[in-house]
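Chemist: this is the structure alone, sequence omitted:
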Ligand SMILES: Nc1ncnc2c1ncn2[C@@H]1O[C@H](COP(=O)(O)OP(=O)(O)OP(=O)(O)O)[C@@H](O)[C@H]1O
Ligand SMILES: Nc1ncnc2c1ncn2[C@@H]1O[C@H](COP(=O)(O)OP(=O)(O)OP(=O)(O)O)[C@@H](O)[C@H]1O
Ligand SMILES: [Mg+2]
Ligand SMILES: [Mg+2]
């Protein structure tokens, strides 16, 4: 017997239609790459998204075809989010920080028909245009005044001209909620980037789940500034969850340095933000150095890489900002877990609460997870046994676009490539990425733990721990450290700092000071490049014969 | 082109499986009708729900067949919520406050195969059993010690015996997410009760949507006590949304008087609750009379009937409890709108904020609404034009069970039978039920407004406004009032209290004092019974010739 409820597909267009109708006056504020600040309402955004849909139709884009974007967080990018997916085409967001060759690879692999891009990326697009035969036109996301004088790019169109010429009349079409909606490629730190092809259903379910209080907790009273880029995994779904909740949305454009962000937070009354740890490093240091406080900023999500406990403590204790530690990945839309306290933690001492909050947290409803050993046997949830983390759920890929890399699943579960523990209360904690884990004398050493300890030292700005070859132990951990400006700390002092904090066996064998750590396209430290960089390095007391 | 995400049906079993796995230690505390307090964990609840599923199988219940319950809010009822729906059968919750004849009608109409009931309802079940031929067995939700000595009920079984005999081994089956999951009948204030047949999909989507911060805002750190009954519209979905969020759940059983509730709130550290206004009246008066404060209670949802502004003010200003005004109905699973402030209201004066919070609020994401005139033309969202409220969304019925009452929709929209305004910010406000609206001289007078003013008078405990026949104006409003114990107020004083608060035309023509107002099966004031009661009444200065 079937239920007798209305049958409505879960479509991305339902989000913008709902928002325009019920929260039409909610503000969207964008710092433009052109330099100024642009403001309008959700209602205007929806009307322009309808124009985008008509532009696509005029350009001959059929349902399911891919439309690429190379753009920062801004209102025009948002219009494409809704205009492209809402009309049945597939929004392909491209990470502009990737190597141009990789970008061309991705555009070709996706067979993008159109490529929309921000002014900043004019040289980049000029460079890749000849390599991208599938792209019928390149659309500069600006107005006539900003169009380049003469054309090194063939078929260059002007976004504002196209929109002005298009009709606002458009009925968002109904179709199968399992239809493809958007496409995002992993950064491809190993091998070629692989695509995750999200559906309307997965996107809307992820929007519901991620807005919930246990997850990102997005409310209509919030002013939300996503620092996480709309060019990577849909900015953790915030372009969807913020609009459906009626919150004010602030889009920072390309200026992600501490000062630019701080000024925007204060000017727009931002209450809630989200970003990777490296971004917070910049903002926190700017505020600390200039003795600034935040007047409205109350809550932030940190994810994409482990949030160092020292950073969490500064945000909470010094700035009074609640930190939600989140874990996810491209293949997961991206949210998998978020960390928050439960009723039973209410009366714990602060230090004990903080220990909970440092973990990556609980699966959000819809996601299931487990940890397994090398043979696939499920491991206990005891908070110390670690194993390969596998996940499943309606916003997790079942395979990569065009089956790249073969079967993506193991027995119906997606292997995350992360190594983690899960405790009896269901809190998951990432120990390491499996490719970064240090295997010493047959045992695993988690690099994140060692990095977190180093970063708690007042002289340390950033730290990365890598395994280096050892003749007897196979691998031993070595710390690569960036000191804070003006701060001093020696190798011996730093090693001493680890005393009593880890088992002797986990103690790093060496400390190497560097000026900067290599970061990748998503702002994370690239351990593979670091290992490459120290390929010739030999541990003290070894001759490298291994 | 289809997306490439995992395909998982949205099933009610996925909620309890998720909860048991990820929040297995979350507590469920129940005040039993047997008198004591019962405690266990979500993990134990899920294990017993699996036993329930095996019991159903042993009793020959097939997928889609209906299983009735006559029960308070308690852990056994919760086990049936998951055991029945999770196994593919349909949970039919029955309102025990209905007239026994209506209950028998409903059981027959639904063709319930089994009827589970709480100890309190033994006499009721004995009375209706002979009228319910489809019911193969009646299951008393208690243990052997509480079974009646000799049987006036044929095929009477003992819940705890059945569970003890059943295996815990059970794999929750996968099936179409559109399959029927549960069934609830409207109270049928006019005509026979009609059934709303919810699906797994609608229930899970409603659980996601209703847990969101803009709606009920259910978080893992909460301790939730639903006063709203599990026997009517699934207690506003809280048995689902609380479990998926890992919050502690407190179920009050049959003792819903002020003192019993207050004691339970304090003993269990309740932070969040939900109920109809009449229940809060009891709790608030108990606390005020005994000069008690709440130590953990911070937030409550009030819906099912308009929350009187005076009640909202007392809760917020005196007790420091945030009030979320909610509107919904059986046919909507039930949630349609909830009220909260937006970012732009942050700096408004308290009185202006309060004026916003009194409305029934915004549609929750998934629901669309509109107001129309008698000819079905859409009316403007200006905050003062009122019209018939129509809704649509994935957790709203497309028809009644067995097509009772004919076509349930108008052009794809469900007509709610309510009259409302919607303002430019998207806030909806209920003026009246269309069957209660007072039509005077060709214009509509909203009874809720008049009642709210009366209830703001310190001597008034409850007020209901009904239309009575008038020879010239067709109908005129008359107030029926229950005074507070020991309080005095005259007809003239009360009418004077309206001066300047409403247009002269809206001024009630009379005030009638009564000892109590008739309330229906869901705790709401029954205006049809009130009108019946005052059928012989004539307005001052009229002779009844109309
Ligand atoms: N809170 C966190 N703590 C630790 N690691 C995290 C956290 N959040 C994300 N990560 C890491 O980021 C990975 C997901 O990265 P993402 O999908 O955003 O980038 P990517 O493009 O896949 O990069 P790569 O190609 O390097 O995998 C996770 O598998 C995990 O290793
Ligand atoms: N916040 C509210 N303010 C005003 N009215 C409300 C509110 N919430 C619910 N209602 C009223 O309750 C109705 C829904 O009642 P519900 O479905 O719970 O009971 P019912 O069994 O249908 O009763 P009936 O048979 O009398 O309609 C709505 O249509 C509306 O009139
Ligand atoms: Mg990856
Ligand atoms: Mg009704």
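Modeler: Yep, that arrived. Computed from a predicted model, the values in this text were never measured in an experiment. Residues are numbered from 1 along each chain as shown, chains lettered A, B, ... in the order given. Ligands and ions are numbered 1, 2, ... in the order given.
Chemist: per-domain residue ranges of chain A.
Modeler: A:9-213, A:436-533 (automatic domain parsing).
Chemist: now the helices for the stretch 201-350 of chain A?
Modeler: Along the stretch 201-350 of chain A, the stretches classed as helices by DSSP state H, counting those that start in this stretch are A:238-245, A:258-268, A:277-289, A:309-313, A:350-357.
Chemist: ok so, going back, deepest in the core, which of the domains of chain A is it.
Modeler: By mean neighbour count, with neighbours taken as mean count of other C-beta atoms under 10 Å in any protein chain shown, domain A:9-213 ranks first of those at a mean of 20. Every C-beta, even on glycine, is put in place using the N, C-alpha and C of the backbone.
Chemist: do that domain and chain B meet at all?
Modeler: Yes - Domain A:9-213 lies within reach of chain B by C-beta under 8 Å from any C-beta of the partner chain, at A:10, A:14-15, A:18, A:21-27, A:63-64, A:90, A:176, A:178-181, A:196-202, A:205, A:208-209, A:211-213.
Chemist: three-state assignment of residue A:425?
Modeler: coil (DSSP: H, G, I helix; E, B strand; the rest coil).
Chemist: what of the one 5 residues further on?
Modeler: Of the three states, residue A:430 takes strand according to three-state DSSP.
Chemist: surely it touches residue A:306?
Modeler: Yes - at 6.1 Å, residue A:430 counts as touching residue A:306 under the criterion of C-beta atoms under 8 Å.
Chemist: intersection of neighbour lists for the two?
Modeler: The contact sets of residue A:430 and residue A:306 overlap at A:360, A:448 (C-beta atoms under 8 Å, 6 or more residues apart in numbering or on different chains).
Chemist: compare neighbour counts for the two and give me the winner.
Modeler: residue A:306 (25 against 21; other C-beta atoms under 10 Å in any protein chain shown).
Chemist: how many neighbours does the closest residue to residue A:360 other than its chain neighbours have?
Modeler: Closest residue to residue A:360 apart from its sequence neighbours, by C-beta to C-beta, 6 or more residues apart in numbering or on different chains: residue A:327 at 3.8 Å. Applying other C-beta under 10 Å, we find 28 residues neighbouring residue A:327.
Chemist: distance of residue A:327 from residue B:61?
Modeler: The gap separating residue A:327 from residue B:61 is 41 Å, by C-beta to C-beta, to the nearest Å.
Chemist: could you do residue A:289 as well?
Modeler: Distance from residue A:289 to residue B:61, by C-beta to C-beta: 69 Å.
Chemist: what's the answer for residue A:442, then?
Modeler: 54 Å.
Chemist: now for residue A:78: which residues touch it?
Modeler: By C-beta under 8 Å, 6+ apart, the neighbours of residue A:78 are A:28, A:45, A:230, A:239, A:249, A:251.
Chemist: host element of it?
Modeler: helix A:75-86 (DSSP states H and E).
Chemist: pull the contacting residues for residue A:54.
Modeler: So residue A:54 contacts A:166, A:167, A:168, A:169, A:170 (C-beta under 8 Å, 6+ apart).
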